[in-house]
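In: Sharing a model that was predicted from the sequence below.
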Amino acid sequence: MVSRRPELEKDNPIATQPYVGPRRRHTQAVSVSMEESAEMGEMKTALYALTKAASQAVKGLPNTKVAGKDLNALRDAIAQAEQVLSVTGHAT
């Protein structure tokens with residue numbers, strides 16, 4: 001007589017989940033957090049480069065007495081990005 005183990009069958013929705021101990025759970029959590037931190041580092045670098053380029057573009061524009069809505073929106077976006085970068089610890 002062959003006993004079948006439903007947890008080993010592929011795509012079985014009623015199969016019981018295998019036991020995951022605390023060591024394995026911790027290892028999985030650490031690996032996921034390492035992946036996220038690498039992505040966050042790349043995002044911070046991209047945000048820094050974008051902020052720097054936008055700041056240079058705004059500085060290169062001629063000064064006017066009345067700034068347009070687009071220019072004000074760009075300045076606000078730059079200020080918010082620099083605030084996020086300062087909070088997360090990336091040098092601006």
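Out: Perfect, thanks for sending it. Residues are numbered from 1 along each chain as shown.

In: Okay, and the residue nearest the centre of the chain sits in which element?
Out: For the chain, the residue nearest the mean C-alpha position is M40 (4.3 Å; C-alpha atoms, centre = their mean). Taking DSSP states H and E as the criterion, M40 maps to helix 22-60.

In: For that helix, name the packing helices and strands.
Out: Packing contacts for helix 22-60, counted by 3 or more C-beta pairs under 8 Å, 6 or more residues apart in numbering; DSSP states H and E, involve helix 69-88. For the C-beta atoms, the positions are set from N, CA and C on the backbone; glycine is no exception.

In: Please identify the buried residues of stretch 48-68?
Out: For stretch 48-68, a neighbour-count test (16 or more other C-beta atoms under 10 Å) marks Y48, T51, A54, S55 as buried.

In: now, which of these sits nearest L71?
Out: Relative to L71, the closest of those is A54; by C-beta to C-beta it sits at 11.0 Å.

In: Hmm, the closest one is touching I78, no?
Out: Yes - counting by C-beta atoms under 8 Å, A54 touches I78, with 5.2 Å between them.

In: will you turn the buried residues of stretch 48-68 into TSV that also has distance to Q28 and pLDDT?
Out: Output for those, formatted as TSV (distance: C-beta to C-beta, whole Å; pLDDT from 0 to 100):
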residue	distance to Q28	pLDDT
Y48	31	88
T51	34	89
A54	39	88
S55	41	87
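
In: Tabulate those (TSV), appending distance to A73.
Out: Shown next, in TSV, are the buried residues of stretch 48-68 (distance: C-beta to C-beta, whole Å):
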residue	distance to A73
Y48	20
T51	14
A54	11
S55	14
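
In: so the helix holding M40 versus helix 69-88, what angle?
Out: Angle of helix 22-60 versus helix 69-88, following axes from the mean of the first three to the mean of the last three C-alpha atoms, to 10 degrees, is 140 degrees.

In: And helix 22-60, how far out from the chain middle?
Out: Chain-centre distance of helix 22-60: 5 Å, with C-alpha atoms, centre = their mean, to the nearest Å.

In: and if you look at stretch 21-38?
Out: Here stretch 21-38 is found 17 Å from its chain centre; the criterion is C-alpha atoms, centre = their mean.
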